[in-house]
Structure formats: C-alpha cells, structure tokens
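Visitor: Just the structure for this:
(one chain, ligands or ions: 2)
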Amino acid sequence: MGSNDTSAPSNFIRQIIDQDLAAGKNGGRVATRFPPEPNGYLHIGHAKSICLNFGIARDYNGTCNLRFDDTNPHKENIEFVESIKNDVRWLGFSWGDKVYYASDYFEQLYQFAVELIEKGLAYVCDLSAEETRAYRGTLTQPGKDSPYRNRSVAENLDLFRRMRAGEFPDGARVLRAKIDMASPNINLRDPTLYRIRHGVIHHQTGAEWCIYPMYDYTHPISDALEGITHSLCTLEFEDHRPLYDWVLDNITIPCHPQQIEFSRLNLQYTVMSKRKLTQLVDEGFVEGWDDPRMPTIAGMRRRGYTPAAVRDFCDRIGISKSDNTVEMSLLENCVREDLNVHAPRRMAVLRPLKVVIENYPEDQVEMLDCANHPQDDSMGSRQLPFCREVYIDAEDFREVPPPKYKRLVPGGEVRLRNAYVIRCEQVIKNAQGEVIELRCSYDPATLGVNPEGRKIKGVIHWVSARHAVAAEVRLYDRLFSVPNPDAAAAKEGKDYKDFLNADSLRTLTRCYLEPVLAEARPGDTFQFEREGYFCLDAQRAADGTAIWNRTVTLRDSWAKIEQQGD
Ligand code: ATP
Ligand code: MG
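Guide: Ligands and ions are numbered 1, 2, ... in the order given. Predicted coordinates:
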C-alpha cells in the first residue's frame, strides 16, 4: 500500500512521477486525464485506466480531466457520453466542474494545422485511400513519397481552407504531416492529420465541421492545451509516441506532456474490444450494454458489483508493461470480500419445496428476531415470520441421501436457520412420483438452543409460505465457455461468438423470499444465505414480479453454515 490507507499501491508510473516531482518538473504539478471515445460503454479495462488516472490525481493532489476524445462522430453519440460520465461517477471519481471534449479544440486544432502547413510540415494529398496504402510501404520496405508532397505552401493553405469550406467530397483529399516516408516507424510515414466527412451531425459541434482531425494529431494537442503532465495510455500507443512528440515539437505550444504506456487489462472468459461488445449488443447476444454478463461497468453495476470491489480489483492487478490475462476469479473474489462485509443477510428459497409442520398451531405466527449480519451487530436485525407452512429448498431434502448428507431425510432432523428443529414425518408425492410436500413436526424447545443429547448437524434456510414474496432469480455464468475466446477462434478458424456460453443465464421463475425483501430498492444487494449474493434489478418481470440478479456465488458456504448450527 502507499503512504496512507486510501492511496493505491505504487507502480512504475508513480515512480516516474515521484522522480519528476523530486526534479522539480512541471512546477510540482501532476495533471492526468481519462480520454474515452464515446463510441460504446466503459468496461472493466477502462476501470483500470480510470483508477490509474484519477487515483494518481487523488494521491498527488493533482487533477484528472475527463475528456471525450470525440473525433469520430459517425460512431459516437450522446447516450455513450452520458453513460461514461455516469460510470466514472459511480466508480467514485470526480472531475471538477468541467467536462472536456476534444471537439472544444477543433478551431485551435485547425489553426495548428495551418501553422504546420506554413512551416512546410503538412500538405494536402489527393491520393485515394488505396493508393495511400500502396505508397506507405511495409514493415520491411520503405514508403514512397506522394506526388502531392511538394505542393507549395500557398496551394496547401488554399486547399485546406477549401476542405474546411466543404468544397470537396469525402475521401477526395486529406491533410498529411510531412515527416519521412522511409521511417522505420510506419506511424511517421506522413500520417493523415485531417479527413473529410460530410453529412454527420456531431453530438457536440453539430454540422459546423466537415473535416475531422485524426486521433494521433488531436490527442497530444488536447493534452498540451489542458496542461496535462503525464499522458497515460495503453501499450499499443508506444509506436505512436514519436508522432505524439513530433506534433508538439513542431507547433507553437508551451506544454509538452510525457506519454507513458502501460499494458491493457485482459480478463478471462470475456472480450474487451468495443467493436465486439457493440456486436454482442447490436446482434442481440446479450440484453444490452448493461446485461449483467457483460464486462461493462454498467453490467457489473446491474449485477451488484460495488465500486469499492472494482477499485480494489484494479489496485490488486497493478500497473505494468507486461501483457497478461487476469483470472475472472480474482474479480469475483474482490466482489465477494466486499459484499461479505457489507451485504445484509436474508433468506430466499430458490427451488421451493413445501413443508407443513403438523404440530404447529394452524393460526399461530411467531415473529423471530434475526441478526442482519452474523459478525456485525451494528447492522441490526429484522423480524422473520414463522408459521405452520414454510418453504425449504428442494435440494435440502433427499429421500436417498448421498454419503455425509447433513440435511433433511425421511425420519431425520434438521435445524431451520434462526428457528426450530424439525423432523420429517412423511413424504408426499404426485402421480409421477415427484416429491411435492413434506409433512414434518417441530420441537418447541429448540428455538435458538439445541436439544440435550441430540446433535443436529444440518442447518437449512426457509421462508414462511404464508408471508414470502415471490421473485424471479437470474443465475449468471461466464459469458464465454473458454478462457480466451479470441485465441480459441483464431486457433480453430472460427468466430469468437462461436464460443459464447449457451448456459450463461439460468432463470428461476418461482422463488420465494423472506417478506422484508419486498421493501428492497433496485441496486440493493443482500446475501441470500447459502445461495450467494443477489442484487435487485430495476426492471420487473412482465407480471410485476421482482427480478434478482445473482452477483456472485458464495465460496465455502457449507462450512460456515454448519458451524453456525452447532
Ligand atoms: P477503441 O477501440 O474504441 O479505441 P479503447 O478500448 O481504446 O477502444 P477508448 O475509449 O479509446 O477505448 O479508451 C479510453 C482509455 O481507456 C484509453 O486511454 C485506453 O488506453 C484505456 N483503455 C481501454 N481499454 C483498456 C484496457 N483493456 N485496459 C486498460 N486501459 C484501457
Ligand atoms: Mg482508443
């Protein structure tokens, strides 16, 4: 851990910042930014970048700008802008009073392009996209100069102005940097700075522009205009750094941020490319961007993951330059650890089997006081009604028990958690021979105490059949059936979608919850004892039944429950 409880662990980027501060660089300032393109929802990989950038600002008394990198208007929209703001806020970070947009700088970017033209460092090129590709060369072969490379400054200025004025159709011309067509770094072979795009309504600038700057040109200038000190990005931009520096070295701007690359997060059993996530949404493989199976922040939130758990995960995976794929269980463990401490306990029966307690008075109802958390008294208690008919889970009864089975069997005893010990007297079956009801007796002397000389090993959960609330419960499994869908697809010559897990969602429509859960609000998360952690969805089923999403399973649930019963 860092110097205090709330700061994140150190890493090579923080070490660079420490050195910069020690050397008195940037006047002691630390300024970062998180620059999403609003062309999709944020995912867990973005959470890593958010925690890094905002975490550094927090721990160094610096600033972190939220900046929309909005230079591709045909793929972007305001829904994505709003979802991104929402997700960053939800993760627990704030960006001050201003949201930044690269599009705020379109006029300045244009003027800097004019400066490059005037210096003979940019030119208007009329090659088609295909010709441009052919002229670019390959990793092993140098490129060839464009025949338009030596246009005069005056002609370039005139053409660029007319590009802006809308005189040329899409694709007719681009503005390119004049760097070096023989550079071993392909990014420096006269990269495109501006392209023409008619007929798109930009979510911020409307129809004002028909030329749009490229990312590699826009990004360094946006960083510099905002006085960013450390521009943190993922490793695939390492080869773009010379271009980042070239742009800033060749325009008149007083600030030159340092670009530092780190490795992106890859997570098992999912995909993280926005193109693929968009495809899963658009083609209906999931219910939407916030489907609880998606690796999106919106999906994790809907599933019941907490911001603290996601931040903890990001701290634990750390920041480095080596590519790696993180196990899903690490993320799930962070969620479990957080919810174990914070989620109140409740009882819910997911596969109901009716139990009639024959010696319990027909019209009697007892209100039992039950702690909301076994280790934390400050979470208080709630009242649980007990009566003659209860539901238990069908899995908690076996006519023919497997070895070491400690739950209910014909003639056997079990403790109903927080209540009495019952004995199974009779098993009632339907015409198909399926168990549909149990007739039991209870021992009134066993409320909260074990009977002398009888060791009751099993403890099971239950709800009052007269008081329970009905619910639909959704159990989620991994979205893909293999740890690395992209690698599997490449290896077998298939599509990554061929590896979607057909059983990633299982819906249980007839579940019963203890009555206080009727008052839960969407987003509330509870531990359903012995079943896992569950979060109330904002949507309801068509008939109005509440929907509960399983956030994560319990580990070791058996061991814990059995101890409590002794
Ligand atoms: P695109 O393919 O649309 O560019 P992207 O995942 O790079 O997708 P951006 O919106 O450009 O999405 O990302 C915003 C920031 O989040 C960038 O700084 C990017 O480096 C970072 N980021 C994106 N994916 C990951 C990831 N898997 N791990 C860590 N950081 C990431
Ligand atoms: Mg990107």
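Visitor: Going by C-alpha atoms from here, please, whenever you check contacts or count neighbours.
Guide: Noted.
Visitor: In the chain, what residue spans correspond to helices?
Guide: Remark: helices assigned in the chain by DSSP state H are 12-22, 44-59, 78-90, 106-118, 129-136, 153-164, 215-225, 241-250, 274-282, 297-303, 307-317, 328-342, 485-492, 557-565.
Visitor: so which of the ones you listed is the most packed in?
Guide: A comparison of the helices of the chain by mean neighbour count, using mean count of other Cα atoms under 10 Å, puts helix 297-303 on top with a mean of 24.
Visitor: which residues of the stretch 1-150 of the chain score low on pLDDT?
Guide: 1-6 (pLDDT under 70).
Visitor: residues from it in reach of ligand 1?
Guide: Neighbours of ligand 1 within the stretch 1-150 of the chain, by Cα under 6 Å from any ligand atom: 35-37, 45-46, 48-49.
Visitor: what's the farthest-apart pair in those?
Guide: 37 and 48 (15.7 Å; Cα to Cα).
Visitor: give me the number of residues near the residue in the stretch 201-350 of the chain that ligand 1 sits nearest to?
Guide: Scanning the stretch 201-350 of the chain for the residue nearest ligand 1 gives residue 264, at 3.4 Å (criterion: Cα to the nearest ligand atom). Counted with other Cα atoms under 10 Å, the neighbours of residue 264 add up to 22.
Visitor: Dig out what the closest residue to residue 426 other than its chain neighbours forms beta bridges with.
Guide: Spatial nearest neighbour of residue 426, excluding adjacent residues (Cα to Cα, 6 or more residues apart in numbering): residue 439 at 4.9 Å. Using DSSP bridges, the bridge partners assigned to residue 439 are residue 356, residue 426.
Visitor: got the contact list for residue 439?
Guide: Neighbour list for residue 439: 355-358, 424-428 [criterion: Cα atoms under 8 Å, 6 or more residues apart in numbering].
Visitor: ok, back up a step: I'd assumed residue 272 was in contact with the residue of the stretch 201-350 of the chain closest to ligand 1.
Guide: No. Using Cα atoms under 8 Å, residue 264 is not in contact with residue 272, being 9.9 Å away.
Visitor: Overlap of the contact sets of these two?
Guide: By the contact definition Cα under 8 Å, 6+ apart, residue 264 and residue 272 are jointly contacted by residue 45.
Visitor: Flag every residue of the chain that's near ligand 1.
Guide: Close to ligand 1, as judged by Cα under 6 Å from any ligand atom, the chain has residues 35-37, 45-46, 48-49, 233-234, 264-266, 274.
Visitor: can we see that at 5 Å?
Guide: 36-37, 45-46, 49, 233-234, 264-265 (Cα under 5 Å from any ligand atom).
Visitor: Which members of these are the farthest-apart pair?
Guide: 37 and 265 (17.4 Å).
Visitor: Please say which of those two ends up with more neighbours.
Guide: Between residue 37 and residue 265, residue 37 has the larger neighbour count (other Cα under 10 Å), namely 24 against 21.
Visitor: got the contact list for the more buried one?
Guide: When contacts are counted by Cα under 8 Å, 6+ apart, residue 37 touches 68-70, 76.
Visitor: if you set the cut-off to 10 Å instead, what comes out?
Guide: For residue 37, the contact set (Cα atoms under 10 Å, 6 or more residues apart in numbering) comprises 67-73, 75-77, 80-81, 84, 101-102, 215.
Visitor: can you count the residues close to the closest residue to residue 59 other than its chain neighbours?
Guide: Nearest residue to residue 59 in three dimensions, chain neighbours excluded: residue 7, at 5.8 Å (Cα to Cα, 6+ apart). Residue 7 is flanked by 15 other residues according to other Cα under 10 Å.
Visitor: roughly how far apart are residue 7 and residue 552?
Guide: As judged by Cα to Cα, to the nearest Å, residue 7 and residue 552 stand 27 Å apart.
Visitor: now swap in residue 203 and tell me
Guide: Where residue 552 is concerned, residue 203 sits at a distance of 38 Å (Cα to Cα).
Visitor: Among the two, which residue is more densely surrounded?
Guide: Remark: of residue 203 and residue 552, residue 552 carries more neighbours, 23 against 17, as counted by other Cα under 10 Å.
Visitor: Closest one of the residues of the stretch 1-150 of the chain next to ligand 1 to residue 13?
Guide: Checking these against residue 13 by Cα to Cα gives residue 49 as the nearest, at 12.3 Å.
Visitor: Quick check: that closest one touching residue 317?
Guide: No. Taking contacts as Cα atoms under 10 Å, residue 49 lies outside contact range of residue 317: 11.8 Å.
Visitor: if I look at those two, which residues touch both of them?
Guide: residue 265.
Visitor: quick one: the strands in the stretch 401-550 of the chain?
Guide: 413-416, 421-429, 435-443, 459-460, 462-464, 469-476, 505-513, 525-528, 532-540, 546-552 (DSSP state E, counting those that start in this stretch).
Visitor: what sits against the residue nearest to residue 343 when sequence neighbours are not counted?
Guide: Nearest residue to residue 343 in three dimensions, chain neighbours excluded: residue 526, at 4.8 Å (Cα to Cα, 6+ apart). Residue 526 makes contact with 304, 339-340, 342-347, 372, 517, 520, 532-536, 550-551, according to Cα under 10 Å, 6+ apart.
Visitor: ok, now residue 188?
Guide: Under the criterion of Cα under 10 Å, 6+ apart, the neighbours of residue 188 are 177-182, 239-240, 242-243, 246.
Visitor: Let's see that with 8 Å instead.
Guide: Contacts of residue 188 by Cα under 8 Å, 6+ apart are 179-181, 242-243.
Visitor: May I ask which two of those residues are separated the most?
Guide: Spatial extent of these (Cα to Cα) is set by the pair 181 and 242 at 14.3 Å.
Visitor: how close does residue 25 sit to ligand 1?
Guide: Look at residue 25 and ligand 1: by Cα to the nearest ligand atom, to the nearest Å, they are 23 Å apart.
Visitor: Count the residues that sit near that residue.
Guide: 13.
Visitor: and if you look at residue 433?
Guide: For residue 433, using other Cα under 10 Å, the count is 8.
Visitor: Grab the nearest non-local neighbour of residue 243.
Guide: Per Cα to Cα, 6+ apart, closest to residue 243 is residue 188, 6.3 Å.
Visitor: Model confidence for that neighbour, exactly?
Guide: Looking at residue 188, its pLDDT is 98.
Visitor: The chain should start at 17 in everything you say after this.
Guide: Okay, residue one is now 17; in that scheme the one you just asked about reads as residue 204.
Visitor: For ligand 1, see how far away it is.
Guide: When residue 204 is compared with ligand 1 (using Cα to the nearest ligand atom), they lie 20 Å apart.
Visitor: ok, now residue 521?
Guide: Separation of residue 521 from ligand 1 (Cα to the nearest ligand atom): 25 Å.
Visitor: so what are the domain limits for the protein?
Guide: Domain assignment of the chain by automatic domain parsing yields the ranges 28-278, 283-360+487-581, 366-476.
Visitor: next one: the second one to chain centre, how far?
Guide: It refers to domain 283-360+487-581. In terms of Cα atoms, centre = their mean, to the nearest Å, the centre of domain 283-360+487-581 is set 10 Å apart from its chain centre.
Visitor: tell me which of the contacts of residue 455 is nearest to residue 521?
Guide: The closest of the contacts of residue 455 to residue 521 turns out to be residue 371 (Cα to Cα; 29.1 Å).
Visitor: hang on, isn't the closest one packed against residue 408?
Guide: Yes. Using Cα under 8 Å, residue 371 is in contact with residue 408, at 7.0 Å.
Visitor: hmm, back to that, read off the pLDDT value for the residue of the stretch 217-366 of the chain closest to ligand 1.
Guide: 96.
Visitor: now swap in residue 465 and tell me
Guide: 86.
Visitor: Please apply the same query to residue 185.
Guide: Predicted confidence (pLDDT) for residue 185: 98.
Visitor: Okay, and the beta partners of the closest residue to residue 340 other than its chain neighbours?
Guide: Excluding the flanking residues, the one nearest residue 340 by Cα to Cα, 6+ apart is residue 282, at 6.6 Å. Beta bridges link residue 282 to residue 341 when assigned by DSSP bridges.
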